[in-house]
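**Q** structure for the following, please:
(one chain, ligands or ions: 1)
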Amino acid sequence: MRPLDLIADLRSKDKPSLANSSNNNKTFYGIDDPRGLLLSFVFAPVYLYATVKGKHDFWDHTLSALPDSTFHGSSLDMGCGRGLVLVKVAARKRSLHRTGPEMIRPEDCLTYGIDIFNSSDQSGNSPGALYANVKGLNLVDTVVAHRASFTDPLPFSDNYFSLVTASLSLHNVSSTSRKTAIREACRVCKPGGTIVILDLLGYVADYEAEIKDQGWIEVERRFAGFGVVFGSWPTQVLRAIKPGVQTLQA
Ligand SMILES: C[S@@+](CC[C@H](N)C(=O)[O-])C[C@H]1O[C@@H](n2cnc3c(N)ncnc32)[C@H](O)[C@@H]1O
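**A** Model (predicted):
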C-alpha cells in the first residue's frame, strides 16, 4: 500500500490551504464537470438543475431512506470533491448521536472522504473548498479527508465502513480502474454494511456485475430520477448490502 498523502485530516491542527475557504455558514459545491454543462446546449438548464439542486435532493432522500444503523459506524465517500455527500452523511450522524443509543460514540463514527481534487470534474474543487463546507456546517471534528485515488488500493483495512458512497465520481476513470474501485469498496465495507453509488447511465450496470461477482446478493440498481439527469444523460443509483453474519440492517 502506498503511504498516504494526508492533506486534510480536518480534525488536526494541520489544516489544508485555506485560500478558497471562508469562515461563514455558506456552503457551495460547485458545478459538476463544467465542460459537460457547456456541451449540453439546449439541455443546459436540465444539467444545471441536476448539479445545483437535483443532486442535493437525491442524496437527502437516499440517505434518509437508509436505516439509522447504517450511520452507527465510520463511512467513506469515494471522490468526495467539495463534500456534498460527505457533509450530509456527517450531519445525519450528528443528529442521530444526539438522540440515539448512548453506546454509539461519535469518535467511532467518523466520516471519511478521499479525492484527487480534480477541478475539471467539479468547479473550484480543492481541499480548501471541502474544508470551507465542512467548517461552515461545524462538522470539522467528525470528518477526515485524504488526497488519495480510488484507482489505487484504498488506505483502509478490510470490513471497516458501515457505509461507502460514491457520487458521480467513478465514471471518471478507466474501465479497469472502475473495477478496482468497486472491488476496493466491497473490501472496505463491513458485513451488513451498505454501498450506495450514483453515476451516469451506462456505467452502473458494470458496477452491479462486479459487486455480484464478489458474491454480494442484495444488489439493486434503478433510475435515479428526473432531478439528476445531466443534460440529456440520465443517472442510475446502485444500493448493495454486504453479505455476512453481522447485520446492520435491523
Ligand atoms: C463530478 S465530481 C463529484 C463530487 C462529489 N462526489 C459530488 O457529488 O458533489 C467527481 C469527483 O471525482 C473525483 N475523482 C475523479 N477521479 C478520481 C480518482 N481517481 N480518485 C479519487 N477521486 C477522483 C474528482 O476529483 C471529483 O471531485
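**Q** for the longest helix along the chain, name the packing helices and strands.
**A** The helix of greatest length in the chain, counted in residues with DSSP state H as the criterion, is given as helix 84-99. Using 3 or more Cβ pairs under 8 Å, 6 or more residues apart in numbering; DSSP states H and E, the elements in contact with helix 84-99 are helix 55-64, strand 75-78, strand 111-115, helix 127-136, strand 143-147, strand 161-167. The C-beta positions use only the backbone N, C-alpha and C, and glycine is treated the same way.
**Q** near the ligand at all, it?
**A** Yes. Legend: contact between helix 84-99 and the ligand by Cβ under 6 Å from any ligand atom is shown at 84, 85.
**Q** centre-most residue in the chain?
**A** residue 77 (3.1 Å; Cα atoms, centre = their mean).
**Q** need the contact list for that residue.
**A** Taking Cβ atoms under 8 Å, 6 or more residues apart in numbering, we find residue 77 in contact with 83, 85, 86, 89, 111, 112, 113, 114, 164, 165, 166, 167.
**Q** what is the neighbour count of residue 42?
**A** Residue 42 has 8 neighbours, counted by other Cβ atoms under 10 Å.
**Q** same check, this time on residue 140
**A** Count around residue 140 with other Cβ under 10 Å applied: 15.
**Q** quick check: it touching residue 132?
**A** No. At 10.7 Å, residue 140 does not count as touching residue 132 under the criterion of Cβ atoms under 8 Å.
**Q** before we move on, the earlier item: could you give the bridge partners of the residue nearest to the centre of the chain?
**A** residue 113, residue 165 (DSSP bridges).
**Q** confidence score at residue 41?
**A** Residue 41 is assigned a predicted lDDT (pLDDT) of 91.
**Q** on that earlier part again, any chance of the helices and strands packed on helix 84-99 in a markdown table, with mean pLDDT and distance to the ligand too?
**A** Shown next, in a markdown table, are the helices and strands packed on helix 84-99 (pLDDT from 0 to 100; distance: least, Cβ to the nearest ligand atom, whole Å):
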| stretch | mean pLDDT | distance to the ligand |
| --- | --- | --- |
| helix 55-64 | 98 | 6 |
| strand 75-78 | 98 | 7 |
| strand 111-115 | 98 | 4 |
| helix 127-136 | 96 | 9 |
| strand 143-147 | 96 | 9 |
| strand 161-167 | 98 | 3 |
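**Q** in TSV: the ones you listed, plus distance to residue 192.
**A** Shown next, in TSV, are the helices and strands packed on helix 84-99 (distance: least, Cβ to Cβ, whole Å):
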stretch	distance to residue 192
helix 55-64	17
strand 75-78	14
strand 111-115	18
helix 127-136	28
strand 143-147	22
strand 161-167	8
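**Q** among these, which is nearest residue 202?
**A** strand 161-167 (15.5 Å; Cβ to Cβ).
**Q** other SSEs contacting the closest one?
**A** strand 75-78, helix 84-99, helix 175-188, strand 189-200.
**Q** quick one: distance of it to the chain centre.
**A** 6 Å (Cα atoms, centre = their mean, to the nearest Å).
**Q** can you pull out the low-pLDDT segments for this protein?
**A** 1-25, 100-103, 245-250 (pLDDT under 70).
**Q** what parts of the chain come near the ligand?
**A** Proximity of the chain to the ligand is confined to 29, 32-33, 55, 79-81, 84-85, 114-118, 121-122, 125, 149-151, 167-169, 172-173 under the rule Cβ under 6 Å from any ligand atom.
**Q** mind checking which of those residues are buried?
**A** Applying 16 or more other Cβ atoms under 10 Å to the residues of the chain next to the ligand, the neighbour count classes 29, 32-33, 55, 79-81, 84-85, 114-117, 121-122, 125, 149-151, 167-169, 172-173 as buried.
**Q** please report how far the most far-flung residue of the chain relative to its centre lies from residue 231.
**A** Seen from the C-alpha centroid of the chain, the residue lying at the greatest distance (Cα atoms, centre = their mean) is residue 42, 29.3 Å away. According to Cβ to Cβ, to the nearest Å, residue 42 and residue 231 sit 9 Å apart.
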